[in-house]
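S.K.: Sequence and predicted model, in that order:
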Amino acid sequence: MLRSIHNKLLGVIAMFSSILILLTLPFTDLGQSKGLQFRPLSKIVFYIFVANFLVLMQIGQKHVETPFIELGQISTVLYFAHFTIIV
């Protein structure tokens, strides 16, 4: 996430907000059933999230070059969209 955001302050804010969004997750989940076994679509979304997390890890190891920057930006938006929109 830090490499895909050009402004250093916004990158640090994005890193802190990625941790804070995980801490607020128990309070923002308004679903009736809490288990994933009752929501089969959530299982698919979870595996997409895991794949996105692995992509972000691999992009963090790469050099700051043009294809990796755009892919990192898309993955960062997908990461935050998972918690704000999908969940």
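M.R.: In hand now; what should we look at?

S.K.: neighbours around residue 3, how many?
M.R.: As a burial measure, the neighbour count of residue 3 was computed by other Cβ atoms under 10 Å and equals 19. Every C-beta, even on glycine, is put in place using the N, C-alpha and C of the backbone.

S.K.: Next up, the contacts around it.
M.R.: Contact analysis of residue 3 by Cβ atoms under 8 Å, 6 or more residues apart in numbering lists 59-60, 64, 68-69, 72.

S.K.: Dump these into a markdown table; add secondary structure, distance to residue 21 and neighbour count as well.
M.R.: As requested, these are arranged in a markdown table below (DSSP: H, G, I helix; E, B strand; the rest coil; distance: Cβ to Cβ, whole Å; neighbours: other Cβ atoms under 10 Å):
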| residue | secondary structure | distance to residue 21 | neighbour count |
| --- | --- | --- | --- |
| 59 | helix | 19 | 21 |
| 60 | helix | 18 | 13 |
| 64 | coil | 25 | 12 |
| 68 | helix | 23 | 17 |
| 69 | helix | 22 | 17 |
| 72 | helix | 18 | 22 |
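
S.K.: TSV for those residues, including pLDDT?
M.R.: Shown next, in TSV, are the contacts of residue 3 (pLDDT from 0 to 100):
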residue	pLDDT
59	91
60	87
64	85
68	90
69	89
72	90
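
S.K.: Please list the outside residues in contact with the lowest-mean-pLDDT helix or strand in the chain.
M.R.: For the chain, counting by mean pLDDT, DSSP states H and E, helix 25-28 ranks last in confidence among helices and strands (a mean of 80). The set of residues external to helix 25-28 that reach it, using Cβ under 8 Å, 6+ apart, is 83, 87.

S.K.: on contacts alone, who are the packing partners of the host helix or strand of residue 13?
M.R.: Applying DSSP states H and E as the criterion places residue 13 in helix 8-23. Under the contact criterion of 3 or more Cβ pairs under 8 Å, 6 or more residues apart in numbering; DSSP states H and E, helix 8-23 touches helix 66-81.
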